[in-house]
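In: Model the structure of this input:
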Amino acid sequence: MAVSTEGTTGALYLGLLVPALIALIAGLVIHSFIIGVNVTDWWKGRSVTPVDHIVTSLGISRMCAQCVGILYTFIDILSLSSLELNITLLIISVIYHFFTYVNFWLTSLLSIVFCLKISNFHTRLFLYLRGTMAHRTVYFIVAVVLLSAVNSLMLLTATTDVTESGTYNTTMQNLSMDCMISMHYVYSYTIGSLFPLLFYSISSVLLFTSLYQHTAKMKMSSNLSINLETYYSVMKFVSFTFIYNTLYIMGHFTCVFYYYFYCVILKWLYNLLDFLTVLNSSYLIYKTAKLRSQMFKILQNVTDILFQRNDSETRENIEIVAL
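Out: Model (predicted):
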């Protein structure tokens with residue numbers, strides 16, 4: 001019976017680890033590409049836009065979150081009944097949530113920048129925010145990182161309390177006591193995601209409304225040479241990213257509340273959310289002209305190398321046959 005249980009547990013961990021590794025590899029490739037392109041432009045003295053700053057920071061936070069998540073999975077497999085490793089898991093969890101909060105805020109900040117850049121509102125507040133955001137994007141990025149760090153201190157305080165009280169153990173009768181820390185997760189996630197989601201929703205609705213009104217006016221005009229495909233493309237981008245951000249935040253809320261009520265971590269859902277960030281980053285590459293062109297160049301170079309290698313091998317085979 002014990003052997004059967006160990007085998008089932010091993011298969012379960014393997015089923016969780018393999019998708020996490022696949023998502024990690026894909027994430028490292030996609031996010032490192034985004035970071036590499038923008039950092040290279042900055043290093044060579046080329047112009048770097050506020051969107052480039054935010055997308056680069058977003059790629060770093062997502063890549064770090066995935067690395068910390070896979071580290072958590074590995075240590076969780078090894079933890080078993082070890083008190084020290086279980087406490088280490090709590091600390092790693094705090095770090096993971098820090099990068100998750102940064103991801104929330106940076107996604108909202110990106111939506112705000114798009115709204116200020118594309119929308120055609122002309123109020124004084126809107127124009128002031130547009131000028132401020134255009135020249136101080138880096139300061140806003142630092143601010144949201146600090147906000148995320150402060151919010152993560154709630155979880156770190158809870159972890160310290162558990163460590164000092166010595167109540168953290170793996171016996172079933174004290175499981176409910178250990179899961180009291182889940183209340184801190186609920187508070188922290190509510191604060192860490194509610195405000196970013198609010199700002200993201202407001203900016204997305206304003207941007208979509210502005211684009212819709214503008215396209216409606218252009219349709220009513222008698223000028224038939226106007227191309228509306230660009231506006232429709234931006235509206236699709238806003239819609240898709242809004243769906244992604246809502247699913248991402250709601251997915252994390254599901255994990256937190258499930259842990260609060262049942263004291264069980266939905267690791268498969270965390271893996272799914274990692275895949276979701278990779279898909280969103282891939283979509284950002286596709287919709288960003290600079291990143292898309294660089295990706296096509298890399299793919300073209302890889303294709304040329306492969307075809308050249310195949311041609312050389314074919315030539316060698318022909319020469320061998322001729323001899």
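
In: What sits closest to K117 if chain neighbours are left out?
Out: Excluding the flanking residues, the one nearest K117 by C-beta to C-beta, 6 or more residues apart in numbering is R130, at 7.2 Å. From N, CA and C alone the C-beta is placed, and that goes for glycine too.

In: residue contacts, the residue lying closest to L273 once chain neighbours are set aside?
Out: Using C-beta to C-beta, 6+ apart and skipping the chain neighbours, the partner closest in space to L273 is G251 (4.9 Å). G251 makes contacts with L269, L272, L273, L276, as judged by C-beta atoms under 8 Å, 6 or more residues apart in numbering.

In: of those, buried ones?
Out: L273, L276 (16 or more other C-beta atoms under 10 Å).

In: now the contacts of G251 in CSV, with secondary structure, distance to I22 and pLDDT?
Out: Below are the contacts of G251 laid out as CSV (DSSP: H, G, I helix; E, B strand; the rest coil; distance: C-beta to C-beta, whole Å; pLDDT from 0 to 100):
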residue, secondary structure, distance to I22, pLDDT
L269, helix, 16, 89
L272, helix, 12, 90
L273, helix, 14, 91
L276, helix, 14, 92
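
In: between the contacts of G251, which is nearest A149?
Out: L273 (21.2 Å; C-beta to C-beta).

In: what sits against the closest one?
Out: Neighbouring residues of L273 by C-beta under 8 Å, 6+ apart: Y248, G251, H252.

In: what comes up buried for the helix or strand hosting the first one?
Out: In this case it means Y248. Assessed by DSSP states H and E, Y248 sits inside helix 229-262. Within helix 229-262, the residues that count as buried by 16+ other C-beta under 10 Å are 231, 234-235, 237-238, 241-242, 244-245, 248-249, 251-253, 255-256, 259-260.

In: before we move on, the earlier item: surely the residue nearest to K117 and C115 touch.
Out: No. Judged on C-beta atoms under 8 Å, R130 makes no contact with C115 at a distance of 9.3 Å.

In: Compare the two (neighbour count), which wins?
Out: The residue with more neighbours, out of R130 and C115, is C115; 25 against 15, by other C-beta atoms under 10 Å.

In: Check the gap between the more buried one and A134 for me.
Out: Here C115 is placed at a distance of 13 Å from A134 (C-beta to C-beta, to the nearest Å).

In: Report the separation between the residue nearest to L273 and I285.
Out: 22 Å.

In: Check I92 too.
Out: Applying C-beta to C-beta, the value for I92 to I285 is 29 Å.

In: again, but for L110
Out: Between L110 and I285 the distance is 14 Å, computed by C-beta to C-beta.

In: out of these two, which sits in the busier spot?
Out: L110 (22 against 19).

In: And the helix or strand harbouring that one, what does it pack against?
Out: For L110, the element it lies in under DSSP H and E is helix 83-118. In this structure, helix 83-118 packs against helix 50-79, helix 124-135, helix 137-165, helix 182-220, helix 229-262, with contacts taken as 3 or more C-beta pairs under 8 Å, 6 or more residues apart in numbering; DSSP states H and E.

In: Can you pull the poorly scored residue ranges out of the stretch 151-300 of the chain?
Out: For the stretch 151-300 of the chain, applying pLDDT under 70 flags the ranges 158-182, 222-227.

In: so the helix holding L110 versus helix 50-79, what angle?
Out: Interaxial angle of helix 83-118 relative to helix 50-79 (axes from the mean of the first three to the mean of the last three C-alpha atoms, to 10 degrees): 160 degrees.
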